[in-house]
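# Let me see the structure of the following:
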Amino acid sequence: MNTLANELSGKYLRLKDRLVFIGPVNSGMLPKGGDEYKNQLAVLQLQRFYSLKLIDTVGWKKNPFLILNILYCLILNQSNNKFIISASTISALTLIKIANKIVFRKDKIIYWVIGGELDRVLLDRPELVPILNGLKAIVVETHKLDVNLREIGLTNTVKISNFKDFNLRNVGKRLKQGTNIPLKLVFLSRICETKGVKVIFDAIDHFAKDKFEVDFYGPIEQDYKAFFLNEINSRANIEYKGYLNLHENFEESIDILSTYDIFLFPTFWKSEGHAGVLIDAMCAGLGIIATDWNSNNEFITNNGTLIVPNEASSLVLAINNYLENQELIIEHGNASLKNVKEYHTSNIFPQYLATLN
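Numbers count the residues shown, from 1 in each chain. Got it, this is the predicted structure:
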């Protein structure tokens, strides 16, 4: 992102002061989930503009030495510093409660929300609202969450979408001209019950095996592994493809995704926010079948189909519609390519930087 750095240097290099970033990054390793992926990318960009102190919280709840390090860094890094807390909701709120007792000026803390369940948590824990209102800013990824938090009583929320760093020149090269025979469907996410994996299996059984193929990518949750692999092995038109290395080889991975016709995202995971895999699918030029769940309808508009959460029959109808109207695959895929430019780092990350002013 040298181009981004050049574009923003005049405006933001005056901010070259010290910044403490607290959250799961898993530095030097492949990210295990969307929180680590986003944080790795965010840290990379922040280091261009700030003298950055990183507190990587991966495994912190089980590591007393890491907890002590967090406390130590919060105590020692208050002068001329700002703090970003970027973590899953429960972890972030725990860290914010700790910081609230230690950091003298709460308006130095910026909370970058990951996921989409903060509103529901605060309804059960209203005592946290005054603490959060004392922070400099609370950045959320979706309009729905922003509205809900304001209704609860938060006054310092800012809506900024998720983002990805990709080569804009390659986007135009992925315009769809036709479809595969049979159609190729793809799932890319954490493989578990609440991401809708079983819904896909149940829906597939309603079709003849020669209608389409489905490939799965992503880390398998350990307690779901036996079930998942058994389901894969019992069907001829489904395959598990392992881990798609979007972090280190983004463009090559997106090229692989672009060989498919339809992206499946039947999630009903409680904390779904602006899922990064939706940006991946759009960057690959895919039409998307996703659940009308949390804020998915903000990102699936003219580029896909929304279905009922945890209902295989709804997925069957959506797949069948694409089978019978394959021109929609091209139409929705090309709409994804047009829409994805909105979520490019150069458009989104300056907004995150602005929250630090």
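# Mind pulling up the pLDDT for the nearest residue to residue 100 once chain neighbours are set aside?
Distances taken as CB to CB, 6 or more residues apart in numbering place residue 131 nearest to residue 100, at 5.2 Å, with adjacent residues excluded. From N, CA and C alone the C-beta is placed, and that goes for glycine too. Turning to residue 131, the model gives it a pLDDT of 96.
# Ramachandran coordinates for residue 131?
Note on residue 131: its backbone torsions stand at phi -60, psi -50 [degrees, to the nearest 10].
# can you check the one 5 residues further on too?
Listed backbone geometry of residue 136 is phi -60, psi -50, with angles given as degrees, to the nearest 10.
# What's the separation between the closest residue to it other than its chain neighbours and residue 133?
Spatial nearest neighbour of residue 136, chain neighbours left out: residue 107 (4.6 Å); criterion: CB to CB, 6+ apart. Distance check for residue 107 against residue 133: by CB to CB, to the nearest Å, it reads 11 Å.
# now swap in residue 344 and tell me
For residue 344 relative to residue 133 (CB to CB), the value is 32 Å.
# out of those two, which sits in the busier spot?
Using other CB atoms under 10 Å as the criterion, residue 344 and residue 133 rank with residue 344 on top: 20 against 14.
# dump the residue contacts of that one.
Neighbour list for residue 344: 163-166, 168 [criterion: CB atoms under 8 Å, 6 or more residues apart in numbering].
# Which of these sits closest to residue 357?
Nearest to residue 357 out of these is residue 163 (CB to CB; 18.6 Å).
# ok, now which ones touch that closest one?
Residue 163 touches 38, 41, 279, 343-345, 347-349, counting by CB under 8 Å, 6+ apart.
# Can you select the buried ones from these in PyMOL?
Buried residues among these (16 or more other CB atoms under 10 Å), as a PyMOL selection:
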select buried, resi 38+41+279+343+344+345+348+349
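# Between which two of the contacts of residue 163 is the distance greatest?
Those two in the contacts of residue 163 that are separated most widely, counting by CB to CB, are 38 and 347, at 15.5 Å.
# how far does stretch 331-347 stretch from start to finish?
25 Å (CA to CA, to the nearest Å).
# Go through that stretch and flag the buried ones.
Neighbour-count burial for stretch 331-347 [16+ other CB under 10 Å]: 332-337, 339-340, 343-345.
# Pretty sure residue 235 sits in a strand.
No. Under DSSP: H, G, I helix; E, B strand; the rest coil, residue 235 falls outside any strand and is assigned coil.
# what pairs with the closest residue to residue 331 other than its chain neighbours across the strands?
Residue nearest to residue 331 in three dimensions, not counting chain neighbours: residue 287, with 7.6 Å by CB to CB, 6+ apart. Assessed by DSSP bridges, residue 287 has beta-bridge partners residue 262.
# Thought residue 327 was touching residue 287, still the case?
No. Shown here, residue 287 and residue 327 do not form a contact pair, counting by CB atoms under 8 Å, at 10.8 Å.
# And the two? Which one has more around it.
residue 287 (27 against 9).
# Give me the pLDDT for that one.
98.
# what do you get for residue 101?
Per-residue confidence for residue 101 comes out at a pLDDT of 86.
# How far does the strand or helix carrying it sit from its chain's centre?
For residue 101, the host element (DSSP states H and E) is helix 89-102. Relative to its chain's centre, helix 89-102 lies at 22 Å (CA atoms, centre = their mean, to the nearest Å).
# residues of that helix that come out buried?
Neighbour-count burial for helix 89-102 flags 89, 91-93, 95-96, 98-100 (criterion: 16+ other CB under 10 Å).
# For the stretch 201-350 of the chain, just list every one of the helices.
Using DSSP state H, counting those that start in this stretch, the helices found in the stretch 201-350 of the chain span residues 225-233, 250-257, 276-283, 312-324, 327-340, 345-354.
# Distance to residue 186 for those - can I get that in JSON lines?
Listed next are the helices of the stretch 201-350 of the chain as JSON lines, based on distance: least, CB to CB, whole Å:
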{"stretch": "helix 225-233", "distance to residue 186": "14"}
{"stretch": "helix 250-257", "distance to residue 186": "6"}
{"stretch": "helix 276-283", "distance to residue 186": "8"}
{"stretch": "helix 312-324", "distance to residue 186": "13"}
{"stretch": "helix 327-340", "distance to residue 186": "12"}
{"stretch": "helix 345-354", "distance to residue 186": "24"}
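# picking up where we left off before, which two in the contacts of residue 344 are spaced the farthest apart?
Most distant of these, by CB to CB, are 163 and 168, 12.9 Å apart.
# Residue 132: what's it in contact with?
96, 111, 122, 138, 154, 156.
# hang on, the third one packs against residue 130?
Think residue 122. No. Using CB under 8 Å, residue 122 is not in contact with residue 130, being 11.0 Å away.
# Do you know the pLDDT at the nearest residue to residue 90 once chain neighbours are set aside?
In this structure, residue 90 finds its nearest non-sequential neighbour in residue 121, 7.2 Å apart by CB to CB, 6+ apart. Per-residue confidence at residue 121 stands at 97 (pLDDT).
# Surely residue 121 is in a strand?
No. Going by three-state DSSP, the assignment for residue 121 is helix, not a strand.
# how about it, what does it touch?
With contact taken as CB under 8 Å, 6+ apart, residue 121 is in contact with 89-90, 93, 128.
# distance of it from residue 271?
Separation of residue 121 from residue 271 (CB to CB): 9 Å.
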